[in-house]
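In: sequence and predicted model, in that order:
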Amino acid sequence: MEINIKTLTPLWTGGVEAGKCDRIHETGILGSVRWWMEVLVRGMGGNACDPTEQKCSYKTGLCEVCKIFGAEGQKRRFRLEVVQDNTEPDTAVTSTLQAERSNTKQGKPPTWYFPKDLKDKPRSKTFTIRIQSLDPKFKPEVIGGLIQFIADWSALGARPQMGFGVIQVEGSHINTQALCDWLKELNETPRSRSRATRTASASADSVPSSLRSSSRVRTLDLPTRSSRQLPTTRSSS
Ligand SMILES: [Zn+2]
């Protein structure tokens, strides 16, 4: 599947060289997507490792997120590519950005630094990503739904706390059902799945707790950002 994305605030996905952003980098997008997948998996009671602390591997076992995003001995189950990059360095991003508050210890306002060279600045306008499944059992729509979730509620890339990386999916809203279904399945172990068929007509009280929680997931409807306020650092485009 292909997704056309428009930046609402400049996007910073890093680069080959630290502190530079010469184009939209897939690794920066993947980092955000993985981070949000960890949040959602943990939120649904699933197991997601912290890649900075505990390392999953094919030999020692894989958490739900590493099963999809890959780990040692396990390939990522999808490919994410930027197939069209119409973004440009955003001239509105100055090389220093000061917060409107003072650092209590030093009495100075916190300051962030951005590249002085125009070509290395955070980028704005549109780009297209392509998501392909590398495993017939994995739907690329799971990742597509996550991109929509990020567009609705969060931001892509680095420095989202400063308002960077707010995006909009162009065209129609991506259906997040595949993502919901995938999250729902985390709570359904093969054992509880077989019990599900047996207890299909049973009353709610006799349904195992693992299934009760999964039926809660079934009603999960990822809302859209209709009332959310955008950060003030809007792109100039
Ligand atoms: Zn893991």
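Out: Right, received. Where do you want to start?

In: hey, let's count contacts and neighbours off CA atoms from now on
Out: Noted.

In: and residue 39, what element?
Out: If you go by DSSP states H and E, residue 39 is part of helix 26-43.

In: near the ion at all, that helix?
Out: No. Applying CA under 5 Å from the ion, one finds helix 26-43 separated from the ion by no less than 9.0 Å.

In: give me the contact list for that helix.
Out: Identification of contacts with helix 26-43 by CA atoms under 8 Å, 6 or more residues apart in numbering yields 12-14, 47-49, 64-65, 69, 80-82, 143, 146-147, 150, 155-158, 183, 186.

In: show me which residues of the chain are close to the ion?
Out: Close to the ion, as judged by CA under 5 Å from the ion, the chain has residues 49, 56, 63, 66.

In: let me see the contact set for the last one.
Out: In this case it means residue 66. 48, 49, 56, 74, 76.

In: just checking, residue 178 touches residue 142?
Out: Yes. If you go by CA atoms under 8 Å, residue 178 and residue 142 touch, sitting 5.1 Å apart.

In: neighbour count for these two, which is higher?
Out: Shown here are residue 178 and residue 142; by other CA atoms under 10 Å, residue 142 has more neighbours (21 against 18).

In: wait, that one touches residue 183, no?
Out: No. Contact criterion CA under 8 Å: residue 142 and residue 183 do not qualify, at 9.2 Å.

In: between the two, what contacts are shared?
Out: What both residue 142 and residue 183 touch, as defined by CA under 8 Å, 6+ apart, is an empty set.
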